[in-house]
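Enquirer: I'd like to go over a predicted model; first the sequence, then the structure.
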Amino acid sequence: MKIIHITYAFGLGGIETMLRNIVNEQVKYGHEIHLIVINNAVNEELHDSLDKRIVFHNIGRHAGSKNPLPYVRLNMLLRAIEADVIHLHYSSIARFIWLPSLKKKLCVTQHDVCNAQNSKYLYKCKRIYAISNVVKQDIWDWVHLQSEVVLNGIKPELIDHSPHKENERFRIVQVSRLMHQKKGQHILIQAVHRLVTAGYTSLEVDFIGDGESKEYLRSMVLELNLKDYVHFLGAKDQTYIFAHLHEYDLYVQPSIYEGFGLTVTEAMAAKVPVLVSENQGPLEIIDKGKYGYSFRNQDVADCAAKIKLFLIHQNDATQIEKAYQRVLQLYDVKITANTYLEKYKEFIESDYAKI
């Protein structure tokens, strides 16, 4: 097959990193893979990690530009490649694909729970793929469109899961963009404050990531007098994270809304126990508590209470190995890439592709 993947940017975010892994796997099977990045926003490290057989195209649009010429170039490029499938990673890209011969080849992955903006153009795509059952249901609730679940995946073989020496302090980690309105880092900080106030002072939290909430979260830490307990390590590349994740005692994902949670699966692959918020994608990953712990969404007291279980060694340690095996069985990117290939074949052979 000749397959085109299209995204707006190619930075170190979760979508782009996973997209890199997917195309690197798909090209191994002899398919012709093209990756088109619309905006002039390409991380050199991520680009260099692409398999050399992948044909990379950068349209060079400046983010926010109203100039239609980049989209003219996009349509001309798509027509020249003559792919079997055009896989979008943001549904809004569909509005810029104008030729009927191209529109009939569009499929899209919905990479997050829905909102008015990211679900508006799903109807323009012939096939919709959801990264979790939570997102599949969300697509139906928002726009009443059917979708197919293709679970996100990671590369567990790259993640160190060797046992580490017992830490002097109980070490908690959270890896994501510092965007508290979505990722809920403030909830974890407030939970730590409750624990420290109650006398549980042998703990610390590392936030790995950067983002627009950094100063807000730093000021909260200072206000709550937690500077000795909460540390901001900044953005780290995947190699660093995969090498050090296993050194922590607990991974906490306090997201207020989240379609999946790649970093949760990475922690499970590192054999680190996980604690996630309820009613979102991460809860699906731990199968509602079989492979990790959860707390009520946005409930600081419940978050603190669940962390306390780990501090006093009342957590179920047998979950750790079970969680690791679950990642190998469900969340390996090889499975993700192959599932997409099977879905493409079904798409091409279906009536949808003949419209």
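Expert: Received the coordinates, thanks. Residues are numbered from 1 along each chain as shown.
Enquirer: contacting residues for Leu328?
Expert: 156, 269 (C-beta atoms under 8 Å, 6 or more residues apart in numbering). Heads up, the C-betas are built off the backbone N, CA and C, glycines and all.
Enquirer: my bad, Ser219
Expert: Ser219 neighbours (C-beta under 8 Å, 6+ apart): none.
Enquirer: for it, give me the pLDDT.
Expert: In this prediction, Ser219 carries a pLDDT score of 97.
Enquirer: what of Asp351?
Expert: 59.
Enquirer: repeat that for Gly13.
Expert: In this model, Gly13 is scored at 77, pLDDT.
Enquirer: skip the chain neighbours and tell me the closest residue to it.
Expert: Excluding the flanking residues, the one nearest Gly13 by C-beta to C-beta, 6 or more residues apart in numbering is Arg177, at 7.5 Å.
Enquirer: SS state for the one you found?
Expert: coil (DSSP: H, G, I helix; E, B strand; the rest coil).
Enquirer: with Asn58 instead?
Expert: With three-state DSSP as the criterion, Asn58 reads strand.
Enquirer: list the contacts for it?
Expert: Residues in contact with Asn58, defined by C-beta under 8 Å, 6+ apart, are 36-37, 40, 42.
Enquirer: okay, and the beta partners of it?
Expert: Beta bridges link Asn58 to Val37 when assigned by DSSP bridges.
Enquirer: quick revisit: what subset of the contacts of Asn58 is buried?
Expert: 36-37, 42 (16 or more other C-beta atoms under 10 Å).
Enquirer: any chance of JSON lines for these, columns pLDDT and distance to Leu158?
Expert: Formatted as JSON lines, those follow (pLDDT from 0 to 100; distance: C-beta to C-beta, whole Å):
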{"residue": "Ile36", "pLDDT": "98", "distance to Leu158": "26"}
{"residue": "Val37", "pLDDT": "97", "distance to Leu158": "24"}
{"residue": "Val42", "pLDDT": "93", "distance to Leu158": "22"}
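Enquirer: contacts for the top helix by length along the chain?
Expert: Ranked by number of residues, the top helix in the chain under DSSP state H is helix 333-349. With contact meaning C-beta under 8 Å, 6+ apart, helix 333-349 is reached by 1, 3, 18, 21-22, 25-26, 29, 31, 84-85, 87, 107, 126-127, 129, 148, 150-155, 353.
Enquirer: so which of those are in helices?
Expert: 18, 21-22, 25-26.
Enquirer: count of residues packed around the residue nearest to Gly13?
Expert: Arg177: 17 surrounding residues under other C-beta atoms under 10 Å.
Enquirer: same check, this time on the one 10 residues further on
Expert: Burial measure for Ile187: 23 neighbouring residues, criterion other C-beta under 10 Å.
Enquirer: which residue ranges of the stretch 251-355 of the chain form helices?
Expert: 262-269, 281-285, 300-311, 319-330, 333-349 (DSSP state H, counting those that start in this stretch).
Enquirer: tell me what the shortest one is packed against?
Expert: The reference is to helix 281-285. Using 3 or more C-beta pairs under 8 Å, 6 or more residues apart in numbering; DSSP states H and E, the elements in contact with helix 281-285 are helix 133-143, helix 262-269, strand 274-277.
Enquirer: from the chain's centre, how far out does the first one sit?
Expert: Taking the mean C-alpha point of helix 133-143 and that of its whole chain, the gap between them comes to 17 Å (C-alpha atoms, centre = their mean, to the nearest Å).
Enquirer: what residues sit buried inside that helix?
Expert: Result for helix 133-143 [16+ other C-beta under 10 Å]: buried residues 134-136, 138-139, 142-143.
Enquirer: one step back: buried set for the longest helix of the chain?
Expert: Quick answer for helix 333-349 (16+ other C-beta under 10 Å): 333, 335-341, 343-344, 347.
Enquirer: give me the subset of the contacts of helix 333-349 that lies in strands.
Expert: When the contacts of helix 333-349 are checked against strands (DSSP state E), the matches are 3, 85, 87, 107, 127, 129, 148.
Enquirer: can you say which of those are buried?
Expert: 3, 85, 87, 107, 127, 129.
Enquirer: Gln325: which of those is nearest?
Expert: Tyr129 (25.1 Å; C-beta to C-beta).
Enquirer: from memory the closest one sits against His111, does it?
Expert: No - in this structure Tyr129 lies outside contact range of His111 using C-beta atoms under 8 Å: 9.4 Å.
Enquirer: picking up where we left off before, among the contacts of helix 333-349, which ones are buried?
Expert: 3, 18, 21-22, 25-26, 31, 84-85, 87, 107, 126-127, 129, 150-155, 353.
Enquirer: make JSON lines out of the ones in strands among the contacts of helix 333-349 and add distance to Asp228 and pLDDT.
Expert: Listed next are the ones in strands among the contacts of helix 333-349 as JSON lines, based on distance: C-beta to C-beta, whole Å; pLDDT from 0 to 100:
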{"residue": "Ile3", "distance to Asp228": "51", "pLDDT": "98"}
{"residue": "Val85", "distance to Asp228": "53", "pLDDT": "97"}
{"residue": "His87", "distance to Asp228": "47", "pLDDT": "98"}
{"residue": "Cys107", "distance to Asp228": "50", "pLDDT": "97"}
{"residue": "Arg127", "distance to Asp228": "51", "pLDDT": "97"}
{"residue": "Tyr129", "distance to Asp228": "45", "pLDDT": "98"}
{"residue": "Glu148", "distance to Asp228": "48", "pLDDT": "97"}
